[in-house]
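A.B. asks: Fold the stuff below for me.
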Amino acid sequence: MPKKPASARPPKAAPAVDRPVKLKARRNTPEYGSDAMAEVLRGLGFKYAFLNPGSSYRGLHDSLINYNGNEKPLAVLCSHEDIAVHMGHGYANAMGRSSLVILHDLVGLMHGVMGVYDAWCARAPVVVLGGSGPSDPKLRRAIDYLHSANVQGELVRPFVKWDDEATTVEGVLDGIIRANKIAQTGPQGPVYVSVDAGLQEEKLERALDIPDVSAGYYQPAPPSGANPEALEEAVEILLDAKNPMVTANRIGFNAEATKPLVALVEALGCMYQDDRGFVCFPSRHPHNLTGDNKAMGEADVILGVDMFDLSNTVDAYSSRVRGVTGGGAGSRKLIDLSQNDLAIRSWGRLGGMVAPTTLQLLADPVIGLEQLVAAVKARIAKNPALKKKFEARAKTVAKRHAELFARQQKAIKERWNEKPLSPHRLIGELWAAVKNKPWFLTLRNHRNWPVGIWEFNGGGEFVGHSGGGGVGHGPGAMVGAAFAARDRGQFAVAIVGDGDFQMSAGALWTAVHNKVPLLVLINNNLSWYNDEEHQGEVAKMRGRPPENAWIGTTTNNPEVNFSDLARGYGCWSEGPIEDPDDLAPALKRAIKQVEAGKVAVLDVRCKPR
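C.D. replies: Below you'll find the predicted structure:
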């Protein structure tokens, strides 16, 4: 399996931006309630605060700048609250730890609600603070009545792990610390803390006891393992299977998950597939059958690791033609290794229908995998016949992988010269341009991603999709993840759809302003194409003209000039690129710009599928 090239140079420190002036020497003695809050945020290790400003947290804003010196956390200005939350989401998934977002009271939270929902669906540990109140009527301006609510967190309570609205400065400090712990305790997810404006601006007349946030009881609990009896039953099912399949989803955020995942698949000599939209397993591993549309249906046992929806994995739902359902689990045995049942809210239907599982392993996915690997290997070591059986199966799977890869390469060649560019040419040229760099993929299309081109080494190399399906997530998430890539000395790459980009293009300004290098390819098909397909299908089902599916779904007359838009935000940009042979030279020019520390955007006209 190919190894990712090491970085040619060590990670650089983040460039100094937005440095405050005329500050007093830091005294570590809070004068106002918000100073104490800023002190706690510093202690919790937040490097960035993704925010859009507002008067409801003007006190905290001042403390971040004039008390903390705009470092730890650095205030990262975003052009919209939804972008701010999505940046926090992308950064949290890239870093594997909580991120910090700050929003303006009700109106800011309302703008950011889609981002909070996406983070909830994706299990992203985003700590969202929101200015509120003041709760004391004596402190309110007229507009504060318009911009405050009795319990502000009710706006997002259905899709956060926890929310809080304290009435004392000490209560706010406790709420922030507790929220950070809850966000990072599995199953992870976003939290919301309402921070009263009056408490922020309260002059402290007494010494305040700032909690020691490094104390063990403020840290997330160690991840939990599987029930021993359930674990033993899972091992029996896997060892008895004739043709088992392992598939995985959200653990793709975690690079540490790949090693036990590979070890389990190799021990069983079985098939593996990444679930759509995630990468958890090495692309060229001989057991990887991602892209083989028949393999899942041929499995008699399926182990799903940290899946969004195991029923979807076995095709149990209605198709686009309402009421026409897939095959479902049938006689197959399903094992669910996840913490899904610990993350349920009655408001939404996240996770889908109750999956027809044979067995549930309710555990941290990585810990559960490590337990399975140890138990399976121990059983195989005592039974030479099992080892021989699994080695023979591994050869069959490897042969199938080689055949699959050959078909994928043939498809790439067949579609290479299509105009507009095929997804195969887009991904192929980009991969060729960056594969020898310390790349980090911050965003990609998941509906038209051709498997067999980009060679991943496993988890932790791709940030994943929105989780909640919110269009407009991509630009903020790719920039948030690019902050992490920059700080690690990686080369950040993103592929964003034209519709997604239009919704949140302002995220580019934040990247340029903060000197966050990023290569962006806009996969531009001039359409909200998923909906264009739906309109065509409905028209056909109803005996109506599908030729009208473009109305209300395509973005032409006029066509958006994305290059001019990107340049307006301070990026280097070229496009639209329409000739396939023009993409590789444009990529070379763009990469030079990124290596010089800039944001480079290429508008590429592509086929939808």
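A.B. asks: Low-confidence ranges, the chain, go.
C.D. replies: Applying pLDDT under 70 to the chain flags the ranges 1-15, 26-27, 446.
A.B. asks: Can you classify Leu100 by secondary structure?
C.D. replies: Of the three states, Leu100 takes strand under DSSP: H, G, I helix; E, B strand; the rest coil.
A.B. asks: give me the element Lys22 is part of.
C.D. replies: Applying DSSP states H and E as the criterion places Lys22 outside every helix and strand.
A.B. asks: so what's Pro282 up against?
C.D. replies: 1, 258, 262, 288, 456-458 (Cβ atoms under 8 Å, 6 or more residues apart in numbering). The C-beta positions use only the backbone N, C-alpha and C, and glycine is treated the same way.
A.B. asks: swap that for Asp196, please
C.D. replies: Neighbouring residues of Asp196 by Cβ under 8 Å, 6+ apart: 132-135, 165-167, 172.
A.B. asks: one step back: rebuild the contacts of Pro282 as a markdown table, extending it with distance to Arg178.
C.D. replies: Shown next, in a markdown table, are the contacts of Pro282 (distance: Cβ to Cβ, whole Å):
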| residue | distance to Arg178 |
| --- | --- |
| Met1 | 43 |
| Thr258 | 32 |
| Val262 | 37 |
| Asn288 | 41 |
| Phe456 | 36 |
| Asn457 | 37 |
| Gly458 | 34 |
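A.B. asks: so which of these would you say is closest to Asn561?
C.D. replies: Taking Cβ to Cβ as the measure, Asn561 lies nearest Phe456 of the contacts of Pro282, at 33.5 Å.
A.B. asks: farthest residue from the center of the chain?
C.D. replies: Glu205 (43.4 Å; Cα atoms, centre = their mean).
A.B. asks: Now, the contacts of Asp196 that are in helices?
C.D. replies: The helices, defined by DSSP state H, take in Val172 from those.
A.B. asks: Most neighbours among the contacts of Asp196, which one?
C.D. replies: Neighbour counts for the contacts of Asp196, by other Cβ atoms under 10 Å, peak at Ser132, which reaches 28 neighbours.
A.B. asks: so the closest residue to that residue other than its chain neighbours is in which element?
C.D. replies: Spatial nearest neighbour of Ser132, chain neighbours left out: Ser194 (4.3 Å); criterion: Cβ to Cβ, 6 or more residues apart in numbering. Using DSSP H and E, Ser194 sits in strand 191-196.
A.B. asks: Likewise for Asp35?
C.D. replies: Using DSSP H and E, Asp35 maps to helix 33-43.
A.B. asks: what are the pairing partners of the helix or strand just after that helix, and which direction each?
C.D. replies: Following helix 33-43 in sequence order, the next helix or strand is strand 48-51 (DSSP H and E). Partners of strand 48-51 in the sheet, by DSSP bridges, are strand 74-77 (parallel), strand 99-103 (parallel).
A.B. asks: Single out the most deeply packed of these.
C.D. replies: Sort the strands paired with strand 48-51 by mean neighbour count, taking mean count of other Cβ atoms under 10 Å, and strand 99-103 sits at the top with a mean of 30.
A.B. asks: on that earlier part again, could you identify the helix or strand that succeeds the strand holding Ser194?
C.D. replies: Sequence-wise, the next helix or strand downstream of strand 191-196 (DSSP H and E) is helix 197-200.
A.B. asks: to the chain's geometric centre, what's the distance from that next one?
C.D. replies: In terms of Cα atoms, centre = their mean, to the nearest Å, the centre of helix 197-200 is set 33 Å apart from its chain centre.
A.B. asks: Which elements pack onto the helix or strand that it is followed by?
C.D. replies: Downstream of helix 197-200, the next assigned helix or strand under DSSP H and E is helix 228-240. For helix 228-240, the elements it packs on are strand 301-305, strand 333-338, strand 359-362, helix 365-381, judged by 3 or more Cβ pairs under 8 Å, 6 or more residues apart in numbering; DSSP states H and E.
A.B. asks: Run through who's touching the shortest one.
C.D. replies: Applying Cβ under 8 Å, 6+ apart, the set of residues contacting strand 359-362 from outside is 226-227, 230-231, 233-234, 237, 333-339, 341-342, 368.
A.B. asks: What's the PyMOL syntax to select whichever of those are buried?
C.D. replies: Command for PyMOL, covering only those of the contacts of strand 359-362 found buried under the criterion 16 or more other Cβ atoms under 10 Å:
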select buried, resi 226+230+231+234+237+333+334+335+336+337+338+339+368
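A.B. asks: circling back to that earlier point, identify the residues contacting the helix holding Asp35?
C.D. replies: Here helix 33-43 makes contact (Cβ under 8 Å, 6+ apart) with 28, 30, 49, 59-60, 62-64, 67-68, 72-73, 100, 169, 172-173, 176-177, 195, 199-202, 204, 208, 210-214.
A.B. asks: Would you write a PyMOL line that selects the buried entries of these?
C.D. replies: One line in PyMOL is enough to select the buried ones among the contacts of helix 33-43; burial here means 16+ other Cβ under 10 Å:
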select buried, resi 30+49+59+60+62+63+64+67+68+72+73+100+169+172+173+176+177+195+199+200+201+202+208+210+211+213
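A.B. asks: thought Glu266 was touching Glu391?
C.D. replies: No: counting by Cβ atoms under 8 Å, Glu266 does not reach Glu391; the two are 10.0 Å apart.
A.B. asks: Have a look at the two and say which one is more surrounded.
C.D. replies: Using other Cβ under 10 Å as the criterion, Glu266 and Glu391 rank with Glu266 on top: 17 against 10.
A.B. asks: Would you mind measuring from the more buried one to Ile251?
C.D. replies: Computed as Cβ to Cβ, to the nearest Å, the Glu266 to Ile251 distance reads 17 Å.
A.B. asks: tell me the domain ranges of the protein?
C.D. replies: 33-218, 228-411, 416-605 (automatic domain parsing).
A.B. asks: Can you get me the start-to-end distance on the last one?
C.D. replies: The first and last residues of domain 416-605 sit 14 Å apart, counting by Cα to Cα, to the nearest Å.
A.B. asks: Same question for the shortest one.
C.D. replies: Criterion Cα to Cα; first-to-last residue distance in domain 228-411 is 46 Å.
A.B. asks: Report the angle between the helix or strand containing Met114 and strand 99-103.
C.D. replies: Per DSSP H and E: Met114 is located in helix 105-122. Here helix 105-122 runs at an angle of 150 degrees relative to strand 99-103 (axes from the mean of the first three to the mean of the last three Cα atoms, to 10 degrees).
A.B. asks: Dump helix 105-122 to CSV, keeping only the CA atoms.
C.D. replies: The C-alpha trace of helix 105-122 is given here as CSV (Å, rounded to 0.1, in the frame of the first residue of the first chain):
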residue,chain,number,x,y,z
ASP,A,105,-28.2,36.3,20.5
LEU,A,106,-31.4,35.1,18.9
VAL,A,107,-30.9,36.4,15.3
GLY,A,108,-27.3,35.0,15.2
LEU,A,109,-28.4,31.7,16.5
MET,A,110,-31.3,31.5,14.1
HIS,A,111,-28.8,32.1,11.2
GLY,A,112,-26.5,29.4,12.6
VAL,A,113,-29.2,26.8,13.3
MET,A,114,-28.5,24.8,10.1
GLY,A,115,-24.9,24.6,11.0
VAL,A,116,-25.7,23.3,14.5
TYR,A,117,-28.0,20.7,13.0
ASP,A,118,-25.3,19.5,10.6
ALA,A,119,-22.8,19.3,13.5
TRP,A,120,-25.4,17.2,15.5
CYS,A,121,-25.9,14.8,12.6
ALA,A,122,-22.1,14.4,12.1
